[in-house]
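Chemist: fold the following.
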Amino acid sequence: MNAPTIAYLTDIYFEPGALNVLPDLLHRFSVKRPLVVTDKGLTSLGFSARLGIGSVPVFDEIETNPTETSVVAGLATYREDICDGLVAIGGGSSIDCAKCIGLLVHHPEPLAHYAFLNGGLPRITANKPPLIAIPTTAGTGSEVGRAALITMNSGRKMAFLSPKLIPNSVICDPTLTLELPKGLTAGTGMDAIAHCVETFCSPKFNPVADAIALDGLHRAYVNIREAVHNGSHLGVRTEMMMAALEGGLTFQKGLGFVHSLSHPLGGLKGKRLHHGTLNAIFLPHVLRFNMEACLDRLDKLARALGAATRMQLPDVFANLNTEIGIPSRLRDLNLSMDELEGMAELALQDHCSLTNPRKITLDACQRLYQDAF
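Modeler: Below you'll find the model as predicted:
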């Protein structure tokens, strides 16, 4: 079997047609009966059959923002079908759900016991079945991320953080993104851009991640328009998948206020708001908020995008949102002011607030929700 294209945090097989390596990877990890974790949309498009691993159990009860209910149901399927490993194929929702299914295979419930805000990080051990992640979108970076975001039965979206949650191997095959619709291409692409921007601005010291973030941002910014408007272009899709992967590789620095604001809204019952779209809406507002706290960083971002000054960056991203069809306001997502009630407190408590370059206050959270509305 060929050597991985990249070995940074985990093994990554990256090229058009890389999906063909899956049977060999399962053999390497001694997985004879994997549970395929995906969503019904991909099942209907025949993605499970394209894996080339025969007839295996499939769990596709995954929602736009994965839930505790889905994790528990997936765990039941894993045990009923006597599985010995996991293959997650889809967007971040499928991959995050698979991470937590794998966690609970050998870690006693409840799932909330392992949430970051509940002190769960040291409780997560390496005792879990092998997980192979196969992204079909270009945005979340979850395939190389140490986090899983799950909407709990309480309605709160919680983060599960540990390097031990990073998949054992990743297959990045850009051909799997050729059928991604325009709206999802735009939303997931802006998710990748937000990752690169926020990790680069994080105050943590990690020059390697900084370099990766700048490269990923440039790739995404140059190619996202063409990806949205000409989705059959494999070269552009390849660039976007690399940008998304790079955004995920930089998670080691932590994210920031954009994600702190987005995460609570992702837990709203009955809404299923797209995470990347929320990030795109908040990004210009957060850049204005952070401006004076990371002047040098924003200067470098401006140069990477060909902007004249850092002061132009918020408008650069706002204009990009318009070009690719991203709504400009929260109200355009059929949200009401009443639904924003209590969101500021949750945003302040979010784990991403810890690595924002400017200290976040409750007043700032309330103000940015209002500004974005």
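Chemist: beyond the top helix by length along the chain, next helix or strand please.
Modeler: The residue-count maximum for a helix in the chain (DSSP state H) belongs to helix 207-229. Downstream of helix 207-229, the next assigned helix or strand under DSSP states H and E is helix 234-249.
Chemist: need the contact partners of the next helix or strand along the chain from that next one.
Modeler: Once helix 234-249 ends, the next helix or strand along the chain (criterion: DSSP H and E) is helix 257-266. With contacts defined as C-beta atoms under 8 Å, 6 or more residues apart in numbering, helix 257-266 is touched by 65, 149, 151, 156-157, 159, 194, 197-198, 271, 273, 275, 278-279, 282-283, 286, 289-290, 330, 335, 343, 346-348, 350, 352-353, 356, 358, 360, 364-365, 368-369, 372. Bear in mind the C-beta positions are built from the backbone N, C-alpha and C, glycine included.
Chemist: tell me the secondary structure of residue 352, please.
Modeler: At residue 352 the chain is in helix, as set by DSSP: H, G, I helix; E, B strand; the rest coil.
Chemist: spit out the contact partners of it.
Modeler: Residue 352 neighbours (C-beta under 8 Å, 6+ apart): 198, 254, 255, 256, 257, 258, 259, 260, 263.
Chemist: and of these, the nearest to residue 237?
Modeler: Of all the contacts of residue 352, residue 237 sits closest to residue 198, with 23.7 Å by C-beta to C-beta.
Chemist: helix or strand: which one has that closest one?
Modeler: Secondary structure from DSSP H and E places residue 198 in helix 182-201.
Chemist: what packs against that helix?
Modeler: For helix 182-201, the packing partners by 3 or more C-beta pairs under 8 Å, 6 or more residues apart in numbering; DSSP states H and E come out as helix 207-229, helix 234-249, helix 257-266, helix 275-290, helix 295-305, helix 313-323.
Chemist: tell me the buried residues in it?
Modeler: 184-201 (16 or more other C-beta atoms under 10 Å).
Chemist: now find how far off-centre it is within its chain.
Modeler: 9 Å (C-alpha atoms, centre = their mean, to the nearest Å).
Chemist: and if you look at stretch 49-65?
Modeler: 19 Å.
Chemist: distance between the ends of stretch 350-368?
Modeler: This stretch, stretch 350-368, spans 15 Å end to end (C-alpha to C-alpha, to the nearest Å).
Chemist: I meant to write stretch 264-277 there.
Modeler: End-to-end for stretch 264-277, by C-alpha to C-alpha: 14 Å.
Chemist: count the residues that sit near residue 361.
Modeler: 12 (other C-beta atoms under 10 Å).
Chemist: follow-up on the earlier one: just checking, what packs against the longest helix of the chain?
Modeler: With 3+ C-beta pairs under 8 Å, 6+ apart as the test, helix 207-229 has helix 182-201, helix 234-249, helix 295-305, helix 313-323 packed against it.
Chemist: can you say which of the ones you listed is nearest to residue 23?
Modeler: Short answer: helix 234-249, nearest of the helices and strands packed on helix 207-229 by C-beta to C-beta, at 21.5 Å.
Chemist: Three-state assignment for the residue most central in space within the chain, please.
Modeler: Nearest to the mean C-alpha position of the chain, by C-alpha atoms, centre = their mean, lies residue 140 at 2.4 Å. Using three-state DSSP, the three-state assignment for residue 140 comes out as coil.
Chemist: isn't it up against residue 99?
Modeler: No: assessed by C-beta atoms under 8 Å, residue 140 is found out of contact with residue 99, at 11.9 Å.
Chemist: identify the residues contacting residue 144.
Modeler: By C-beta under 8 Å, 6+ apart, the contact set of residue 144 is 8, 9, 10, 12, 133, 166, 167, 170, 245, 248, 249, 251.
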